[in-house]
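Engineer: coordinates only, sequence not included:
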């Protein structure tokens, strides 16, 4: 358990969402497990909206353990106004160059903690870079908004540095209000060891503001408002309104590189998911304003002050754990006396004993931690499959269906559903035609919370890397690995990406899980179209690229279709249904299945563990760091070769997956016979 000096909204949220044990105890899941989960199984919440907690947790350990206990006063003073990344770099260098410091760390058994801390900072550095870019834009918007539309004097506005410690910011916030400042940006309020860190506090009009990274509002915004308002009021300051600063929705044709605008909303949806931000892209700012401020959405402050509304969070048979603000303050100030915070019996609990309220959005981390502790062989599995096998949650509620399902997933079974297979063999006939030339490719992307270039909507990824392998009769005859520098993206580069993939002799373009590649190509065509309207791209060039892009999409073959289950709660419901995949079909899950079973397939890949870039998240981090200029030219060249190896390996893994398909088809009668015997019924499709 890592007890922080100050507790935050994230601790409050966890107390409402999970068993109290998980407020402070680790829910970390190894990246290798996350990589095996299919896209729809991964954590859906935007990483930027969760970033504050990850930074806060790591920074607390950095400040309270390493800086406070092992640095001199002079060193502490020199690091006072440094960023957390500069501080961790200082600690890292000191460990490798100062033997006395190194011995202190080792003697106190802190080496592993320091190593993990350095890794965590490396992982979040790229996102922190994007967060800072976004926050700077938001601060500028707020300053201009108050200067133009408020009667607050510019001299009465103060912006506190987020680099400073919580202790400093708590005192600075109080001093700023006492000195008569009327708008404080980046304040920190404290009450009985809990802190609130809103985006701003309007001391004149008594408004608290929160910065959102999503263009939609939802229930979590109301929970955050409840926490902030209660804490700030308890700390002695009046709050009569709560606002959310949101990114303004813009149609693609109006988006400019590096530019983002905001709107302020005083209302919120109280659904789990909020309204659809995708609708806005097709609509307009007027539509966004109408949704945010319509009569069906209450003001945030009204939600906070409505005692009846909060009764829905009371403990009931379904809502195992909930925590109002008063109870939260009790918990954090009685850590040592609260057994629920220290112990959780994984051996004698069920998954429902972990979950708190169902009112919030889903979170896989604690579910996976539970499975890791109690059913380690089921950590890397589909949620539906695990729920049925482990907890008997099946829609049909029929004993025979349940037993058949459990039998299938409790044995090593491969089943070929000939109906689905025949359909796919017809749909993707080029894949099985020995005379067809196939282009296998994969994208890696880059994105920021602000547009990377004209017409690039914030958060939308642009391909910055593609690997291409060409085959005929399952023989590789050519391959290419391309990197497109995220700092040099322009209209010509977008055209080049499509040109590099297109082959006039290709009978098909093979990908794994086509949604990503298909979406990116269609977005590239949309952006190139807009450059064409500005005469940046000629009509002739645009028509050529559009036709090539459309042809790639038209001839796209999705290898994942052979492993996807048509019904998650059925057996033999995929063209090739492999029980060992446990309802998943990610390329890394398939690769692991092939490797662990020693299939003698034609094409082999390099184990991902042997690569320096091991997964798509690492590739994205590197690309985004380059886009933010955190990686300079010389270092970028070194990274390019590592990125190429990873992306090429991913494409080769697709070919290996097709080798597996062919192998299974050659032995389908044997596999289906074994399946029929184990399930004790004749298979018919």
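Structural biologist: Noted; the coordinates are in hand. Remember, it's a predicted structure, so these values are computed and weren't measured experimentally.
Engineer: alpha carbons only for contacts and neighbour counts from here, please
Structural biologist: Fine.
Engineer: so where's the chain shaky on pLDDT?
Structural biologist: Applying pLDDT under 70 to the chain flags the ranges 1-2, 26-57, 120-129, 271-296, 308-321, 349-366, 391-400, 681-685.
Engineer: if we go to 50?
Structural biologist: Confidence mapping of the chain against pLDDT under 50 gives the ranges 39-53, 276-283, 315-319, 357-361.
Engineer: so residue 256 makes contact with residue 450?
Structural biologist: No. Between residue 256 and residue 450 there is no contact, the gap being 9.3 Å when judged by Cα atoms under 8 Å.
Engineer: which of the two has more neighbours?
Structural biologist: residue 450 (24 against 17; other Cα atoms under 10 Å).
Engineer: leaving out the residues flanking it, which one is nearest to the more buried one?
Structural biologist: Spatial nearest neighbour of residue 450, chain neighbours left out: residue 458 (4.7 Å); criterion: Cα to Cα, 6 or more residues apart in numbering.
Engineer: now for the one you found, how many residues are close by?
Structural biologist: 23.
Engineer: next one: phi and psi at it?
Structural biologist: When read as degrees, to the nearest 10, the backbone of residue 458 gives phi -50, psi 140.
Engineer: state the distance from it to residue 202.
Structural biologist: 28 Å (Cα to Cα, to the nearest Å).
Engineer: please apply the same query to residue 179.
Structural biologist: For residue 179 relative to residue 202 (Cα to Cα), the value is 14 Å.
Engineer: these two: who's more crowded?
Structural biologist: Between residue 179 and residue 202, counting by other Cα under 10 Å, residue 202 is the more crowded of the two (21 against 10).
Engineer: let me see the ranges of the helices in the stretch 451-600 of the chain.
Structural biologist: For the stretch 451-600 of the chain, applying DSSP state H, counting those that start in this stretch gives helices covering 491-501, 515-533, 539-554, 587-596.
Engineer: just the angle between the third one and helix 515-533, please?
Structural biologist: This points to helix 539-554. 170 degrees (axes from the mean of the first three to the mean of the last three Cα atoms, to 10 degrees).
Engineer: what is helix 539-554 packed up against?
Structural biologist: The helices and strands touching helix 539-554, judged by 3 or more Cα pairs under 8 Å, 6 or more residues apart in numbering; DSSP states H and E, are helix 491-501, strand 508-511, helix 515-533.
Engineer: what helices or strands is the last one leaning on?
Structural biologist: Looking back up the chat, that one is helix 515-533. Under the contact criterion of 3+ Cα pairs under 8 Å, 6+ apart, helix 515-533 touches strand 462-472, helix 491-501, helix 539-554.
Engineer: same list, those, but as CSV with distance to residue 184 please.
Structural biologist: Formatted as CSV, the helices and strands packed on helix 515-533 follow (distance: least, Cα to Cα, whole Å):
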stretch, distance to residue 184
strand 462-472, 36
helix 491-501, 41
helix 539-554, 49
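Engineer: hey, which of those is tucked in deepest?
Structural biologist: Highest mean neighbour count of the helices and strands packed on helix 515-533: strand 462-472, a mean of 22 (counted as mean count of other Cα atoms under 10 Å).
Engineer: so what's residue 198 closest to, chain neighbours aside?
Structural biologist: In space, residue 198 is closest to residue 210, 5.2 Å off (Cα to Cα, 6+ apart).
Engineer: do residue 417 as well
Structural biologist: Distances taken as Cα to Cα, 6+ apart place residue 575 nearest to residue 417, at 4.8 Å, with adjacent residues excluded.
Engineer: again with residue 461
Structural biologist: Counting by Cα to Cα, 6+ apart, residue 447 is the residue found nearest to residue 461 once chain neighbours are left out, at 4.6 Å.
Engineer: so the one you found touches residue 458, yeah?
Structural biologist: Yes. In this structure residue 447 lies within contact range of residue 458 using Cα under 8 Å: 7.4 Å.
Engineer: Three-state assignment for the nearest residue to residue 517 once chain neighbours are set aside, please.
Structural biologist: Spatial nearest neighbour of residue 517, excluding adjacent residues (Cα to Cα, 6+ apart): residue 443 at 6.6 Å. Secondary structure assignment for residue 443 (DSSP: H, G, I helix; E, B strand; the rest coil): strand.
Engineer: distance of residue 443 from residue 484?
Structural biologist: The separation that residue 443 has from residue 484, given Cα to Cα, amounts to 11 Å.
Engineer: in terms of neighbours, single out the busier of these two.
Structural biologist: Higher neighbour count among residue 443 and residue 484: residue 443, with 22 against 19, using other Cα under 10 Å.
Engineer: identify the residues contacting that one.
Structural biologist: 463-467, 517, 647 (Cα atoms under 8 Å, 6 or more residues apart in numbering).
Engineer: same thing with residue 613?
Structural biologist: Here residue 613 is in contact with 619, 642-643, 646 (Cα under 8 Å, 6+ apart).
Engineer: excluding chain neighbours, give the residue nearest to residue 60 in space.
Structural biologist: Nearest to residue 60 is residue 4, by Cα to Cα, 6+ apart, at 6.3 Å.
Engineer: for that neighbour, helix, strand, or coil?
Structural biologist: Assignment for residue 4 (three-state DSSP): coil.
Engineer: what are the phi and psi values at it?
Structural biologist: Phi and psi for residue 4, reported as degrees, to the nearest 10, are phi -80, psi 160.
Engineer: hmm, back to that, so which of the helices of the stretch 451-600 of the chain comes closest to residue 138?
Structural biologist: Across those, residue 138 has its closest neighbour in helix 515-533 (25.7 Å, Cα to Cα).
Engineer: flag every buried residue along that closest one.
Structural biologist: By 16 or more other Cα atoms under 10 Å, the buried positions in helix 515-533 come out as 517-518, 520-521, 523-532.
Engineer: could these go into CSV alongside distance to residue 170?
Structural biologist: Output for the buried residues of helix 515-533, formatted as CSV (distance: Cα to Cα, whole Å):
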residue, distance to residue 170
517, 47
518, 49
520, 45
521, 48
523, 45
524, 47
525, 50
526, 48
527, 46
528, 49
529, 51
530, 48
531, 49
532, 52
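Engineer: of those residues, closest to residue 585?
Structural biologist: residue 517 (17.0 Å).
Engineer: so the closest one touches residue 442, yeah?
Structural biologist: Yes. Counting by Cα under 8 Å, residue 517 does reach residue 442; the two are 7.3 Å apart.
Engineer: any common contacting residues for these two?
Structural biologist: residue 511.
Engineer: if we can go back for a sec, nearest to residue 186, of the helices and strands packed on helix 539-554?
Structural biologist: Going by Cα to Cα, the one of the helices and strands packed on helix 539-554 nearest residue 186 is helix 515-533, 36.1 Å.
Engineer: can you pull the contacts of the nearest residue to residue 585 once chain neighbours are set aside?
Structural biologist: The shortest distance from residue 585 to any non-neighbouring residue, by Cα to Cα, 6+ apart, is to residue 563 (5.7 Å). Going by Cα under 8 Å, 6+ apart, residue 563 touches 574-578, 585.
Engineer: go with 7 Å
Structural biologist: 574-577, 585 (Cα atoms under 7 Å, 6 or more residues apart in numbering).
Engineer: which two in those residues are spaced the farthest apart?
Structural biologist: 575 and 585 (11.8 Å).
Engineer: just say helix, strand or coil for the residue nearest to residue 198.
Structural biologist: strand.
Engineer: burial measure for the closest residue in space to residue 166 that isn't next to it in sequence, as a count.
Structural biologist: Nearest residue to residue 166, sequence neighbours excluded (Cα to Cα, 6+ apart): residue 188, at 7.0 Å. For residue 188, the count of nearby residues is 26 (other Cα under 10 Å).
Engineer: isn't residue 188 up against residue 199?
Structural biologist: No. The pair residue 188 and residue 199 fails to qualify as a contact (Cα atoms under 7 Å) at a distance of 9.1 Å.
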